[in-house]
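In: build me a structure from this.
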Amino acid sequence: MAYISASVYIPEAMTNINVDLLFPTDGLLVDGRYEVKGVITLLHGLYGSGKDWMQLSAASRYAYDRGYILVCPSCGNSFYNNMAYGPPIYSVIVDHLPKQLDMIFRIPRDRKINYIAGFSMGGYGAMRIGILNPDRYAAIGAFSGALDAAAMIHAASETSCRGLFTPIFGDNLYIPDDADLLKLIPKAAVRGEELKQRILITCGRQDEADYHIHSQNRIFIDAARKTGLDVAYREWDGAHVWNVWDRSLAEFISFIENSGYAAEERKNWIENAG
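Out: Residues are numbered from 1 along each chain as shown. From the prediction side, this is the model:
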């Protein structure tokens, strides 16, 4: 296994992006390259960084166990948008960073084995980026995701955090249609078979403080099912905490593999705790 922490210059955005990468280098060597099961881009939450996935969860072990490359960029409090007052993070994550990583590390870009997931702010980012780029990602995972941007801004105004969203959406806090996940649902629901994506949403039942994340997730799920968008949803007891997101990543790996990996992990946790 190789862990690399890199600062990658993005000439199109005239900025550097810090990105943490994990390579399961015990895989099968084919034509001079390690053959891996897939590439999972993991997005962090508010006030976090890509290192959070490596330091606060078992993501590296899950990736090593199952043969996945992890790509964990650090994107500040951008909500993964092209910011009104800041760098064009959406374009960086979708276009510029993958191009650089392909040139430097030869990371596979085949849609069939590329997946994107994230928690909280990163859940919003993964859902938006995934839905808008069905040719790039075969599956999307949103863990305790901030899935209703308008509700987030309303909640922020109630908690005196309105200024958090001004650098992202501008002084009038206008949310364009392509940044409003509820408005993107119909777009995803009518796609042809070749561009359909598998979507997994997870959330803790007690995740309501400040931003009402559990309620946001339920609203998104109801809207998706009304349009016929096939979305898998799993919830269990928990708040806005890492044990929820750690378990969610194991569930996501099981989901994209159609395997029992997460159930095996939970069994191991119970046995080891005993």
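
In: what's stretch 164-176 in contact with?
Out: 46, 77-79, 81, 83-86, 149-150, 152-153, 156, 162, 179 (C-beta atoms under 8 Å, 6 or more residues apart in numbering). Bear in mind the C-beta positions are built from the backbone N, C-alpha and C, glycine included.

In: again, but for stretch 142-152
Out: 79, 117-124, 126-127, 165, 175, 179-182, 199-204, 207, 211-213, 215-217, 219-220, 240, 244-245, 248-249, 252.

In: from these, which land in strands?
Out: Mapping the contacts of stretch 142-152 onto strands (DSSP state E) picks out 117-119, 199-204.

In: who wins on neighbours among those?
Out: Using other C-beta atoms under 10 Å as the neighbour criterion, Phe119 leads these with 35 neighbours.

In: I'd say that one and Gly45 touch.
Out: Yes. Counting by C-beta atoms under 8 Å, Gly45 is a contact partner of Phe119 at 5.3 Å.

In: okay, Ala209 and Tyr233: tell me how far apart.
Out: 21 Å (C-beta to C-beta, to the nearest Å).

In: no, scratch that, I was asking about Asp207
Out: With C-beta to C-beta as the criterion, Asp207 and Tyr233 are 13 Å apart.

In: higher neighbour count, those two?
Out: Neighbour totals were compared for Asp207 and Tyr233, and Asp207 leads with 22 against 16 (other C-beta under 10 Å).

In: got a list of what the more buried one touches?
Out: 144, 213-214, 238-240, 244.

In: just the buried residues from those residues, in PyMOL please.
Out: The following PyMOL line selects those of the contacts of Asp207 that are buried, judged by 16 or more other C-beta atoms under 10 Å:
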select buried, resi 144+213+214+238+240+244
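
In: let's have the contacts of Asp207 in a markdown table, adding pLDDT and distance to Gly38.
Out: Shown next, in a markdown table, are the contacts of Asp207 (pLDDT from 0 to 100; distance: C-beta to C-beta, whole Å):
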| residue | pLDDT | distance to Gly38 |
| --- | --- | --- |
| Ser144 | 97 | 23 |
| Ile213 | 94 | 27 |
| His214 | 96 | 29 |
| Gly238 | 96 | 26 |
| Ala239 | 96 | 30 |
| His240 | 96 | 27 |
| Val244 | 97 | 23 |
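
In: quick check: Ser60 touching Leu22?
Out: Yes. Counting by C-beta under 8 Å, Ser60 sits close enough to Leu22 to count as a contact (5.3 Å).

In: joint contacts of those two?
Out: Shared contacts of Ser60 and Leu22, defined by C-beta under 8 Å, 6+ apart, comprise 1, 3, 54, 70.

In: quick check: phi and psi at Thr15.
Out: phi -150, psi 160 (degrees, to the nearest 10).

In: give me the distance between it and Thr166.
Out: From Thr15 to Thr166 the distance is 20 Å (C-beta to C-beta).

In: show me the strands in the stretch 51-200 of the chain, by range?
Out: Taking DSSP state E, counting those that start in this stretch as the test, the strands found in the stretch 51-200 of the chain are 68-73, 114-119, 139-143, 198-204.

In: neighbours around Pro11, how many?
Out: So Pro11, with other C-beta under 10 Å, has 8 neighbours.

In: just Asp178 next, same as before
Out: Asp178 has 14 nearby residues by other C-beta under 10 Å.

In: please name the nearest non-neighbouring residue to Ala155.
Out: Once flanking residues are discounted, Ala155 sits nearest to Tyr211: 4.8 Å by C-beta to C-beta, 6 or more residues apart in numbering.

In: looking at it, that neighbour is touching Ile153, isn't it?
Out: No. Using C-beta under 8 Å, Tyr211 makes no contact with Ile153, being 10.1 Å away.

In: comparing these two, which residue is more hemmed in?
Out: Tyr211 (24 against 19).

In: what's near enough to touch that one?
Out: Counting by C-beta under 8 Å, 6+ apart, Tyr211 has contacts 146, 151-152, 155-156.

In: nothing else from me, thank you.
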